[in-house]
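Participant: Below is the sequence, then the predicted model.
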Amino acid sequence: TGVVPFMALLLLQRRPVAGRALLVTGSSCPGHGLCRSNVQEQTRRQVALLNATAQDLFSLYLKCQGEPFSSESDKLCNPTGIFFPAFRVNRTSERKEVMVAMYKLFAFLNASLGNITRDQEELNPTAKELLDRLHNTTKTTRGLISNLTCLLCKNYNIFQVDVRYGESSKSKSTFKKKQQGCQVLRKYVQVIGQAARVLLPHLSPS
């Protein structure tokens, strides 16, 4: 599979591609000069916000799906069978490795949120609180991706990362759409806490 530039990655929400980062030398990083002076602090706040709101989003999602999801979430939302980016970095990993893993994670999450939001707009168009939370989470995730892009370019001259995305739910049944959403959000709750613990120390003021 080919290498997809950052800006294209934001548009290709469901294209399955391999997961590796490429180090590119020279001054060809797009948007290098667009990083804000407080990009690290802003990134810290975005990760902390996503971590703080993930469980509430999952709980609200379950509530809005009705039965059997409300009463059998452990069974129906078990994420074992779905693809989710491997997250093998820890606090002792190199900062560059952590940043690349974070980019892959949140690029995947952004695409998954797009799937879930589209399905919920169709299935639960009057669930305003849920739709608002999905839109706000997506907005935060997109801002985080933009900041991670800046940090990877500025600090490591990395401007191309291959990302694998999850399966689209567009042609699935109503039940399968609801189930895929709850599986992804359950896994998100599990992973975002770990991601925050790993990333935040790497973004601490030096």
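Facilitator: Thanks, I have the structure now.
Participant: count of residues packed around the closest residue to residue 172 other than its chain neighbours?
Facilitator: Ranked by Cβ to Cβ, 6 or more residues apart in numbering and with sequence neighbours excluded, the top spatial neighbour of residue 172 is residue 180, at 6.9 Å. Every C-beta, even on glycine, is put in place using the N, C-alpha and C of the backbone. Residue 180 has 22 neighbours, counted by other Cβ atoms under 10 Å.
Participant: And residue 70, by the same measure?
Facilitator: What residue 70 shows, counting by other Cβ under 10 Å, is a neighbour count of 12.
Participant: Quick one: residues contacting it.
Facilitator: 62, 63 (Cβ atoms under 8 Å, 6 or more residues apart in numbering).
Participant: Can you pull the phi/psi pair for it?
Facilitator: phi -60, psi -40 (degrees, to the nearest 10).
Participant: that older thread, in which helix or strand does the residue nearest to residue 172 reside?
Facilitator: Using DSSP states H and E, residue 180 maps to helix 174-202.
Participant: which other helices and strands contact that helix?
Facilitator: Secondary-structure packing of helix 174-202 (3 or more Cβ pairs under 8 Å, 6 or more residues apart in numbering; DSSP states H and E): helix 39-65, helix 73-76, helix 95-123.
Participant: I'd assumed residue 169 was in contact with residue 111.
Facilitator: No - Residue 111 lies out of contact with residue 169 (Cβ atoms under 8 Å); the separation is 11.3 Å.
Participant: Pull out the buried residues from the helix holding residue 180.
Facilitator: For helix 174-202, a neighbour-count test (16 or more other Cβ atoms under 10 Å) marks 177-189, 191-192, 195-196, 198-199, 202 as buried.
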